[in-house]
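In: Starting from these lines, generate the structure:
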Amino acid sequence: MPVVSGGIAIIGAATLLMCFASLTLLSCVLKASDEHYAEVRLLKAELLLKDVVSLETTRAVASTADVAPPKGQFIRFDLPTLPPMAFTQFCLKYVDECKPKQLLFRGGRMKVTNQRWAELERINRSVNSSILPEPNRAGLAGEKWLLDPAAGDCNDYAVTKRHLLTAAGWPARDVLLSEVVTVSGEHHVVLVVRTSDDDLVLDNLTDRIMPWFQKQYQWVRIQKPTNPNYWMSVSEQSA
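Out: As a prediction, the model looks like this:
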C-alpha cells in the first residue's frame, strides 16, 4: 500500500505540473491575442528604443563638445544702463579717455593678425605684472579708477589696458570696459576686445586671453561702442 500510495502521489504531482504548464501557455496565448496587451508591449519597446537613441546622442555630443569652440558668438548689447559711479569720476579725472571718437567711416570688427595678437598678449601680460594687486576693502567709497598705478585692483588693470591699446591704434569702439560678477559673487571689471572672430577678454586674474563665453562670469554691463560714456546691459543670449 505505501508503494501504491507513493506512486499515486507522484502521478498526481506530475499531473498538477502539466496542468500548471498548460494554464501558463494558455495565459500567454490569451495575452498575445489581447490587443491592449500587445499595444502595451509595443509602447514599452518604443520607449526602450528612444532611451537607447537618446543615450547614444548624449555620448556623441559629449565626445565632440570640446573639439572646436564655436566662432562668432558675440556679446549682445541689451538696454541702456547707468555706468559705474567710479567710472564717472574716472572720466572727470581723465577727460581724454572718455571722449567719443568721431567715426570718419563705418568699419567692421577688427581682424586679428599674428602681429595684433602678439600685441594683445604683450599688453595684457605687461599690465598684469606691472601693477601690484591691492584689493579695495573700503567698498564703493574706496573705488578709484587710475591709469598705471603702482598698486590697484581690477578696475585699474582694465582702464590701463584700454589706454595702451587705443594708443597703439586699436579703435576705441573695439576696446570696451565691462562689469561682470565672478563665481564667488564679487563684482569685477575686465576689458573686452571686439574682433571679427570673437569678443575677447583681457583679465587681470589670468594672462590667458579667452573668448567671453568661455569665462565663467555673469555679464552685467558694458561700454557702448559708439560712445564710451554710455553703458549697456548685456543680454543673456549671444548675438
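
In: How is the closest residue to Phe77 other than its chain neighbours assigned, secondary-structure-wise?
Out: Among residues not flanking Phe77 along the chain, Met232 sits closest, at 4.2 Å (C-beta to C-beta, 6 or more residues apart in numbering). Every C-beta, even on glycine, is put in place using the N, C-alpha and C of the backbone. Following DSSP: H, G, I helix; E, B strand; the rest coil, Met232 is assigned to strand.

In: now Gln89
Out: helix.

In: Contact partners for it?
Out: Neighbouring residues of Gln89 by C-beta atoms under 8 Å, 6 or more residues apart in numbering: 143-145.

In: residue boundaries of the strands in this protein?
Out: Applying DSSP state E to the chain gives strands spanning 77-81, 132-133, 151-152, 175-181, 187-194, 199-202, 210-211, 218-224, 227-234.

In: which strands and helices sit next to the third one?
Out: Based on contacts counted as 3 or more C-beta pairs under 8 Å, 6 or more residues apart in numbering; DSSP states H and E, the elements that strand 151-152 packs against are strand 132-133.

In: name the helices or strands packed onto the strand it packs on?
Out: If you count contacts as 3+ C-beta pairs under 8 Å, 6+ apart, strand 132-133 packs onto strand 151-152.

In: residue contacts, the residue nearest to Phe77?
Out: The contact partners of Met232, taken as C-beta under 8 Å, 6+ apart, are 77-81, 221-224.

In: how about stretch 196-203 as CSV, C-alpha atoms only?
Out: Presented in CSV, the C-alpha positions along stretch 196-203 are these (Å, rounded to 0.1, in the frame of the first residue of the first chain):
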residue,chain,number,x,y,z
SER,A,196,36.0,89.7,-36.3
ASP,A,197,36.1,86.2,-34.8
ASP,A,198,35.2,86.7,-31.1
ASP,A,199,34.8,89.1,-28.2
LEU,A,200,38.0,88.5,-26.3
VAL,A,201,38.5,89.1,-22.6
LEU,A,202,41.7,90.7,-21.1
ASP,A,203,41.5,89.9,-17.4
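
In: mind listing what's buried in it?
Out: 198-203 (16 or more other C-beta atoms under 10 Å).

In: Check what contacts that stretch and list those residues.
Out: Contacts of stretch 196-203 (C-beta under 8 Å, 6+ apart): 71-75, 108-112, 120, 123-124, 158, 161, 190-194, 209-212, 215.

In: For it, what does the pLDDT average out to?
Out: For stretch 196-203, the mean per-residue pLDDT is 95.

In: repeat for stretch 212-220
Out: Stretch 212-220 comes out at a mean pLDDT of 94.

In: Kindly report the same for stretch 142-160.
Out: The average pLDDT within stretch 142-160 is 94.

In: Quick one: end-to-end distance for it.
Out: Taking C-alpha to C-alpha, to the nearest Å, the first and last residues of stretch 142-160 lie 18 Å apart.

In: What confidence value was assigned to Ala32?
Out: Reported pLDDT for Ala32: 43.

In: what does Val52 give?
Out: 37.

In: do the same with Asn124
Out: On the pLDDT scale, Asn124 gets 98.

In: Use 33 as the first number for this chain going forward.
Out: Noted, 33 is the first residue going forward, which turns the last one into Asn156.

In: OK, contacts around it?
Out: By C-beta under 8 Å, 6+ apart, the neighbours of Asn156 are 193, 234, 239, 241.

In: cool, Thr227 as well?
Out: Taking C-beta under 8 Å, 6+ apart, we find Thr227 in contact with 141-144, 206.
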